[in-house]
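# Need the 3D shape of this:
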Amino acid sequence: MADSMRSTQRFGNRAKEYAAHRPGYPSGAIDAVFAGLSDPCGLVVADVGAGTGISARLFADRGASVVAVEPNAAMRASAQAHPRVTWHDGTAERTGLPDGSADLVTACQAFHWFATPEAMREFARVARRRVAILQYERDEHDAGTHAYGEVIRAYATDDTEALRARALAAFEQFPHGPVKRTAVSSDQALTLEGLLGGLLRLHISRSTGPLPTHCGAI
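Have a look, this model is predicted:
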């Protein structure tokens, strides 16, 4: 999963687009992360690869104390403050957190950049009770979303769909515990500004030509 630009720094010049246009996670997915644990208000969550804090704030909104681990300074600087989120400069393989310091370690949409045995061993070292991964994919059954996906597949420089599939397969081999998978549906309503802002988050090849006009609502 390595490339010519380190994944920890590659999105620094897109931090504002991430903060403004990256989708969040549905309530049902957050429910699944905490299911069977005690009251979130008593839990410590280490959110690894936290980016601009989208997932960290959702965990904190449930009452958890969240340590957002993010190596990219521009991403950290673009994060909206939350009283129960503290920021920590670290990587998935070397979080810098003490052994067993979090009830729950989470990694969300960034997981495919660091889905390595070394990172998963680090998660197991830090987590007292659970490790949870949140990933989302487009449902391309409608024409507009399918057209948007075609643009990304034609011009994006990273095959993130394949990366996510490999990452989830790697997580199935997580050490020292059973792995459970839960699927949750959600809708994302986009304005034209949101659609274009989402594309700006991506690494797109240098000459895309005009974007199709039939993308529609996503």
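
# before we move on, what SS does A154 have?
helix (DSSP: H, G, I helix; E, B strand; the rest coil).

# For the residue most central in space within the chain, give me the pLDDT.
Centroid-nearest residue in the chain, with CA atoms, centre = their mean: Q109, separated by 2.1 Å. Here the pLDDT value assigned to Q109 is 88.

# same check, this time on L192
70.

# from now on call the first residue 39
Shifting the count to begin at 39 puts that one at L230.

# For this structure, which residues score under the pLDDT cut-off?
Counting by pLDDT under 70, the chain has low-confidence residues at 39-61, 177-178, 187, 190, 193-197, 224-226, 228, 232-256.

# Which parts of it are helices?
Secondary structure of the chain by DSSP state H: the helices cover 53-59, 65-72, 92-99, 111-115, 155-164, 181-193, 198-209, 230-238.

# Just name the most buried of those.
Scoring the helices of the chain by mean neighbour count under mean count of other CB atoms under 10 Å gives helix 92-99 as the most buried, with a mean of 23. C-beta here means a position set from N, CA and C on the backbone, and glycine is covered the same way.

# Please tabulate the helices of the chain in a markdown table, including the columns distance to R132.
Rendered in a markdown table, the data for these read as follows (distance: least, CB to CB, whole Å):
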| stretch | distance to R132 |
| --- | --- |
| helix 53-59 | 22 |
| helix 65-72 | 23 |
| helix 92-99 | 19 |
| helix 111-115 | 16 |
| helix 155-164 | 7 |
| helix 181-193 | 31 |
| helix 198-209 | 18 |
| helix 230-238 | 30 |
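
# To L81, which of those helices lies closest?
With CB to CB, the closest approach to L81 among these belongs to helix 65-72: 7.5 Å.

# Contacts for the closest one, please.
78, 81, 96-97, 100, 102, 142, 144, 170, 172, 220, 222-224 (CB atoms under 8 Å, 6 or more residues apart in numbering).

# In a markdown table: those residues, plus distance to A192.
Shown next, in a markdown table, are the contacts of helix 65-72 (distance: CB to CB, whole Å):
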| residue | distance to A192 |
| --- | --- |
| P78 | 41 |
| L81 | 43 |
| L96 | 32 |
| F97 | 35 |
| R100 | 39 |
| A102 | 40 |
| L142 | 38 |
| T144 | 32 |
| A170 | 33 |
| L172 | 27 |
| T220 | 32 |
| V222 | 29 |
| S223 | 26 |
| S224 | 25 |
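
# among those, which are in strands?
Using DSSP state E, 142, 144, 170 are the members of the contacts of helix 65-72 that sit in strands.

# which one among the residues you listed gets closest to E210?
Closest to E210, out of all of these and judged by CB to CB, is A170, at 13.8 Å.

# Surely V217 and A208 touch.
No - in this structure V217 lies outside contact range of A208 using CB atoms under 8 Å: 10.7 Å.

# burial count for V217?
Under the neighbour criterion other CB atoms under 10 Å, V217 is assigned a count of 11.

# To what extent is A148 buried, counted in neighbours?
Every residue meeting other CB under 10 Å relative to A148 is counted, giving 23.

# need the contact list for it.
Shown in contact with A148 (CB under 8 Å, 6+ apart): 86-87, 89.

# will you turn those residues into TSV that also has distance to R166 and neighbour count?
Shown next, in TSV, are the contacts of A148 (distance: CB to CB, whole Å; neighbours: other CB atoms under 10 Å):
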residue	distance to R166	neighbour count
V86	15	31
G87	20	26
G89	24	23
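
# All set, thanks.
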